[in-house]
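In: The sequence and its predicted three-dimensional model are supplied below.
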Amino acid sequence: MSDSPTASPRPATGFDFEAGITAPFRMQPGLRKLPAGAAQLTPLPPGSRHQREKLAVLTAFWAEALAVVEGFDATPALHALFTHAAAEHPGAWAWDGATADALWLATAVGPQGEVLQRRPGRFGLGDEVARCLQGLPPAWRQAGLACLAFAEDFAIVDGATGTIPWLAVALPSHWAPEEKLGRHFSEVHAPVADNAMLLKATEGLLKVITGPERYERFVWNVSDHPRLHAHPARVDPQRWQHTAVPQAWFRSERQTFIPLPAQQQAVFTIHVEVRPLAQALQAPAEAQALHAAVASMSAPVLAYRSLAGVREPLLAWLAERAQPAGLA
């Protein structure tokens, strides 16, 4: 079995622009079934952007990123995640029921949290991953290794209680993971603007994502913030003070659900990507679609997404980008 980054099969797809950008814009679940064989995880090459940011967060702020409700047993869901990862990407991850092995990172974690450096790593001093994991409580080290081995962050959704009792989220999009822990799904989405459709769909959504089928959804925003890690405690509250629209960023998430029907649970995966807005728009039609979505946002949605102050210059810039070549 090869541990080369080139050996990974079926890489997870990123943001689907056509599925993710709709007008009129609505805050809604937007689930779609995953086809057979579609990947849900994205292995990280050593020293990749996602990995470097996650290393920084798990080293300095792990208590915000890793959280569990007292008394909740995450073992079945984590073992299901590790089994899924090994089946989906056998060249990057191995799991024998006790030891989690990140093959690309030359690092493993045993059942008691013991960190095993298989050989020197491929970036930095060669032991960055192991040193980061040693700084975590032993009970969190296997989950921490999974966070560093894959681009995705993870959460467990419990269908029986409707809550999120476990989180491993190093790259949140302007929300604080520690504040969502243990809260009902409807409470988690309560601050979302124009959330009526989301809240109405909550009970049905819980049944769907903890059932036998696999689903994905996409969310996005235009942002002045370039980092993947966007915890509100480390983002300037005065937004758009130093970023003009042409230098803005397109922040997107591909979210999927790995179901555990027997436990009435699902592992929620979140793959964040941040790209320069100008690069994210590959064609005039995409700029036109984004223009239509932003133009249709209500005032509360614009405020919630920190776009109220830049709506007009953003729409003007998108309208120019939407012109076919030679007409702009």
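Out: Happy to help now that I have it.

In: burial measure for L125, as a count.
Out: 8 (other Cβ atoms under 10 Å). (Glycine included, C-beta is placed from N, CA and C.)

In: before we move on, what about the one 10 residues further on?
Out: The number of residues packed around G135, counting by other Cβ under 10 Å, is 13.

In: tell me which element the residue lying closest to it once chain neighbours are set aside falls in.
Out: Take G135 and drop its neighbours on the chain: the residue closest to it by Cβ to Cβ, 6 or more residues apart in numbering is T59, 6.2 Å away. T59 belongs to helix 49-60 when assigned by DSSP states H and E.

In: Which strands or helices does that helix pack on?
Out: Helix 49-60 sits against helix 62-65, helix 128-134, helix 141-149, with contacts defined as 3 or more Cβ pairs under 8 Å, 6 or more residues apart in numbering; DSSP states H and E.

In: For the residue nearest to G135, give its distance to P46.
Out: 16 Å (Cβ to Cβ, to the nearest Å).

In: Looking at these two, which one has more neighbours?
Out: Legend: neighbour count by other Cβ under 10 Å for T59 and P46, higher for P46 (20 against 14).

In: who's in contact with the more buried one?
Out: Taking Cβ atoms under 8 Å, 6 or more residues apart in numbering, we find P46 in contact with P5, W104, L105, G121, R122, F123.

In: Now rank those by neighbours and give me the top one.
Out: Neighbour tally across the contacts of P46 (other Cβ under 10 Å): the maximum, 28 neighbours, falls on L105.

In: That residue touches C147, doesn't it?
Out: No: taking contacts as Cβ atoms under 8 Å, L105 lies outside contact range of C147: 11.4 Å.

In: Which residue, neighbours along the chain excluded, lies closest to Q40?
Out: Q40 sits nearest to T256 (Cβ to Cβ, 6+ apart), 4.4 Å away.

In: Confirm A94 sits in a helix?
Out: No: according to DSSP: H, G, I helix; E, B strand; the rest coil, A94 belongs to no helix; its state is strand.

In: what's the spacing between it and A285?
Out: The gap separating A94 from A285 is 43 Å, by Cβ to Cβ.

In: Settle it for me: which of these two has more neighbours?
Out: A94 (18 against 13).

In: measure the more buried one to D101 for me?
Out: From A94 over to D101 (counting by Cβ to Cβ), the distance is 4 Å.

In: and if you look at L281?
Out: 40 Å.

In: Flag the shaky bits of the stretch 201-328 of the chain, pLDDT-wise.
Out: Applying pLDDT under 70 to the stretch 201-328 of the chain flags residues 201-202, 325-328.

In: before we move on, what about the stretch 1-150 of the chain?
Out: In the stretch 1-150 of the chain (pLDDT under 70), the answer is 1-13.

In: Kindly recompute the last result at 90.
Out: 1-15, 17-19, 26-31, 35-37, 120-126 (pLDDT under 90).

In: Show me which parts of the helix holding T59 are buried, residue by residue.
Out: The neighbour-count check on helix 49-60 (16 or more other Cβ atoms under 10 Å) flags H50, Q51, R52, E53, K54, L55, V57, L58 as buried.

In: Of all pairs in these, which one spans the longest distance?
Out: H50 and L58 (12.0 Å; Cβ to Cβ).

In: H225: what's it in contact with?
Out: H174, V235, R239, W249, R251, V274 are the contacts of H225 under Cβ under 8 Å, 6+ apart.

In: So the fifth one: helix, strand or coil?
Out: To tie it back to what came earlier, the one meant is R251. Strictly by three-state DSSP, R251 counts as strand.

In: Look up the residues forming beta bridges with the spatially closest residue to it that is not a sequence neighbour.
Out: Sequence neighbours aside, S223 is the residue nearest to R251 in space, at 4.6 Å (criterion: Cβ to Cβ, 6+ apart). S223 has these beta-bridge partners by DSSP bridges: W249.
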